[in-house]
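Chemist: The amino acid sequence is not available; the structure is as follows:
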């Protein structure tokens, strides 16, 4: 307790130097929480959107299907087994057929992926019910990004050319019946959603699918040769991106933290140099060297506690305001191929806040302890005389 | 009266069809003109895009329908690019990267050097008589030449174009125009042939224009500068080793 009292008195006595140390450290503290909050907020939003719009509670894939290999689309389809058909009938799975095609908006040719979806499905958030149009032969849904890239609006026609299962060309004019707004680019950019049965007819693949999306009631069992991909598997790429973003962010705020800690380190070195008489007095009064090292270490770590308090003072309203208004993402980020909302709302969990506090205190204590070790080697008589050693 | 009219109409109908030449015979004559055991073609391809046009020259060696080797000679940017087609496989060698890549799957649907021709169009190597049922549907005059109008409908499922319409010169048995249709009846491509010349005893269209009807632009012109039929082509030309030479 004495150590804390002395430490507090000493650093308060240092005036502006203390304030600068605390200010820089508190800034690092707030930035760390904000940055990690943004990443966590993005992670939560991206996982939620990807689950709701694309992957459901997992997917059952045709064994040849590889979403990253367009060449696999041509052969990755098969009729549904009886087990899968019964799951589809109960509504725990919804089939999706994928085929490649070329679209011709305004006379330009653009490669597109056709996705057939059951208009009555309830598993994904895609507004498939809009495809239930008897007045239109081939109704189609596209995402906002696709609409922008093809310069299409609801009600516009679009010429499509594709090959059926035998390789014969076919072409038809589709009508855009809806444009949905999702933050998941994999269901939007380059994708055209058609009624499943219509796409099956167009490609000559009746009753076939490329993958099936599951809801929470689906229990994976023996599906061979189809393969069940869990939500964890389907989100692994997103997790890897989030981790890499956290890593690159850590470099930036790590630098900031190092600058702040360097200031504490310097302050400690200077203190020990200038306060040798004080150290000698402590030892002469009966304090062990260990206790004196403790006083100086606690003094250093008190910077971090004060920095946390200062950071909390201006950081709390600031971080809450940012959590409320969100952080607008640049327009180009939507073309990166990963789920990013137009605006990311940071999420500050208790683990993040307490973890950051612990990081600050431990790091400040360590950089305070390192120069303080020198005290253990001081000769008390020389120290009391104030001799430089 | 009815007893007279119906037989008369039936006879007229029969006579009309009897008068029309046999479509398969026409196609066979067309193939006699256009196909050969092998050939060496020096050509010039001009691609008209929306903003500009560019021309490239190439030399192509082909053996029957199955093997073909093309080397681009100009412009400098494309010079040295080579393409080898063996049966249903296609490789492209790019001198700038010194790499040979195989074109397969959806990449075959890409256009060749930005033209109106896709790699798949180049891969189509079956005889028309093998995959289409042909019938003569009329006669028209194109650029002052009388032409049979043939309608070809696929008799096998694995054919790229379900229906074709072909205008064949009635004297020279060379196609003057061809239209390629999707299963839905949508016109996909139009090919016009002109500058028909007599070469080594056969008629051959030296100029062709390919137009992808779904795309904007003036199409792709293909001019044959020099052609030699049934000449001697060393077998190594049709090997992957020839791509890097």
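Modeler: Perfect, I can see it now. Quantities reported herein were computed from a predicted structural model and do not represent experimental measurements.
Chemist: contacts, neighbours, all on C-alpha from now
Modeler: Will do.
Chemist: Quick one: the strands in chain B, in order.
Modeler: Ranges of strands within chain B are B:38-48, B:53-63, B:67-74, B:82-86, B:89-94, B:99-103, B:132-142, B:145-154, B:163-169, B:175-181, B:187-199, B:202-212, B:219-229, based on DSSP state E.
Chemist: Rounded mean pLDDT for the fourth one, please.
Modeler: This points to strand B:82-86. Mean per-residue pLDDT for strand B:82-86: 89.
Chemist: What residues does residue 165 make contact with?
Modeler: Chain wasn't specified; assuming chain A. A:203-205 (Cα atoms under 8 Å, 6 or more residues apart in numbering or on different chains).
Chemist: sorry, should have said chain B
Modeler: B:149-152, B:178-180 are the contacts of residue B:165 under Cα under 8 Å, 6+ apart.
Chemist: and of those, the nearest to chain A?
Modeler: For these, the residue nearest chain A by Cα to the nearest Cα is residue B:180; the value is 9.8 Å.
Chemist: neighbours of the nearest residue to that closest one once chain neighbours are set aside, just the number please.
Modeler: In this structure, residue B:180 finds its nearest non-sequential neighbour in residue B:164, 4.6 Å apart by Cα to Cα, 6 or more residues apart in numbering or on different chains. Neighbours of residue B:164 under the rule other Cα atoms under 10 Å in any protein chain shown: 22.
Chemist: I'd say residue B:164 and residue B:177 touch.
Modeler: No - under the criterion of Cα atoms under 8 Å, residue B:164 makes no contact with residue B:177, lying 10.5 Å away.
Chemist: what pLDDT does the most centrally placed residue in chain A get?
Modeler: Geometric centre of chain A, nearest residue: residue A:43, 3.1 Å, by Cα atoms, centre = their mean. Here, the pLDDT recorded for residue A:43 equals 86.
Chemist: quick one, what contacts it?
Modeler: Neighbour list for residue A:43: A:239, A:242 [criterion: Cα under 8 Å, 6+ apart].
Chemist: Tell me how far it lies from residue A:379.
Modeler: Distance, residue A:43 to residue A:379, using Cα to Cα, to the nearest Å: 56 Å.
Chemist: Please apply the same query to residue B:224.
Modeler: Relative to residue A:379, residue B:224 is positioned 100 Å away (criterion: Cα to Cα).
Chemist: who has more neighbours, these two?
Modeler: A side-by-side neighbour count of residue B:224 and residue A:379, using other Cα under 10 Å, places residue B:224 first with 20 against 15.
Chemist: related to what we said a few turns ago, bridged to the residue nearest to residue B:180, which residues?
Modeler: residue B:152, residue B:180 (DSSP bridges).
Chemist: would you turn the contacts of residue B:165 into TSV with distance to residue A:120?
Modeler: Below are the contacts of residue B:165 laid out as TSV (distance: Cα to Cα, whole Å):
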residue	distance to residue A:120
B:149	48
B:150	46
B:151	42
B:152	41
B:178	44
B:179	40
B:180	37
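Chemist: Select only the buried ones of those residues in ChimeraX?
Modeler: In ChimeraX syntax, the buried subset of these is picked out as below (16 or more other Cα atoms under 10 Å in any protein chain shown):
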select /B:149,150,151,152,178,179,180
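Chemist: Just the closest of the contacts of residue B:165 to residue A:140, please.
Modeler: residue B:180 (26.2 Å; Cα to Cα).
Chemist: For chain A, which segments count as strands?
Modeler: Using DSSP E, the strands found in chain A span residues A:59-61, A:78-79, A:93-104, A:110-117, A:139-143, A:157-163, A:169-180, A:191-195, A:208-209, A:211-214, A:227-229, A:327-328, A:343-344.
Chemist: OK, now which residue of the stretch 201-350 of chain A is nearest to chain B?
Modeler: For the stretch 201-350 of chain A, Cα to the nearest Cα, closest residue to chain B: residue A:202, 9.9 Å.
Chemist: Tell me how far the closest residue to that residue other than its chain neighbours lies from residue A:196.
Modeler: Nearest residue to residue A:202, sequence neighbours excluded (Cα to Cα, 6+ apart): residue A:164, at 6.7 Å. Distance, residue A:164 to residue A:196, using Cα to Cα: 15 Å.
Chemist: What of residue A:103?
Modeler: Distance from residue A:103 to residue A:196, by Cα to Cα: 18 Å.
Chemist: which residue sits closest to residue 163, ignoring its sequence neighbours?
Modeler: This is for chain A. residue A:169 (4.5 Å).
Chemist: nope, chain B please
Modeler: Using Cα to Cα, 6+ apart, the closest residue to residue B:163 is residue B:153 (4.7 Å).
Chemist: ok, the residue nearest to residue B:196 when sequence neighbours are not counted to residue B:177 distance?
Modeler: Nearest-residue entry for residue B:196: residue B:205, 4.1 Å, with adjacent residues in sequence omitted and distances by Cα to Cα, 6+ apart. Noted for residue B:205: a distance of 11 Å to residue B:177, by Cα to Cα.
Chemist: cool, and residue B:76?
Modeler: Taking Cα to Cα, one finds residue B:76 at 33 Å from residue B:177.
Chemist: returning to that earlier point: so the residue nearest to residue A:163 makes contact with residue B:157?
Modeler: No - between residue A:169 and residue B:157 there is no contact under Cα under 8 Å: 10.7 Å.
Chemist: Residue A:155 versus the residue of the stretch 1-150 of chain A found nearest chain B, what's the distance?
Modeler: Proximity of the stretch 1-150 of chain A to chain B (Cα to the nearest Cα) peaks at residue A:107, 4.3 Å away. Applying Cα to Cα, one obtains 18 Å for the distance of residue A:107 from residue A:155.
Chemist: Contacts only, for residue B:233.
Modeler: Contacts of residue B:233 (Cα under 8 Å, 6+ apart): B:38, B:61.
Chemist: what about residue 133, how many residues close to it?
Modeler: In the absence of a named chain, chain A is used. Neighbours of residue A:133 (other Cα under 10 Å): 14.
Chemist: wait, chain B
Modeler: Counted with other Cα under 10 Å, residue B:133 comes out at 17.
Chemist: likewise the one 10 residues further on?
Modeler: When neighbours are counted by other Cα under 10 Å, residue B:143 registers 9.
Chemist: Spell out which residues of the stretch 251-389 of chain A are next to chain B.
Modeler: Residues of the stretch 251-389 of chain A lying close to chain B (Cα under 8 Å from any Cα of the partner chain): none.
Chemist: pLDDT weak spots in chain B?
Modeler: B:1-20, B:105-110, B:120, B:122-125 (pLDDT under 70).
Chemist: circling back: can you lay out the strands of chain A as JSON lines showing mean pLDDT and mean neighbour count?
Modeler: Formatted as JSON lines, the strands of chain A follow (pLDDT from 0 to 100; neighbours: other Cα atoms under 10 Å in any protein chain shown):
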{"stretch": "strand A:59-61", "mean pLDDT": "95", "mean neighbour count": "24"}
{"stretch": "strand A:78-79", "mean pLDDT": "94", "mean neighbour count": "16"}
{"stretch": "strand A:93-104", "mean pLDDT": "93", "mean neighbour count": "24"}
{"stretch": "strand A:110-117", "mean pLDDT": "93", "mean neighbour count": "21"}
{"stretch": "strand A:139-143", "mean pLDDT": "96", "mean neighbour count": "26"}
{"stretch": "strand A:157-163", "mean pLDDT": "92", "mean neighbour count": "21"}
{"stretch": "strand A:169-180", "mean pLDDT": "94", "mean neighbour count": "21"}
{"stretch": "strand A:191-195", "mean pLDDT": "96", "mean neighbour count": "26"}
{"stretch": "strand A:208-209", "mean pLDDT": "96", "mean neighbour count": "23"}
{"stretch": "strand A:211-214", "mean pLDDT": "95", "mean neighbour count": "26"}
{"stretch": "strand A:227-229", "mean pLDDT": "93", "mean neighbour count": "19"}
{"stretch": "strand A:327-328", "mean pLDDT": "78", "mean neighbour count": "13"}
{"stretch": "strand A:343-344", "mean pLDDT": "80", "mean neighbour count": "19"}
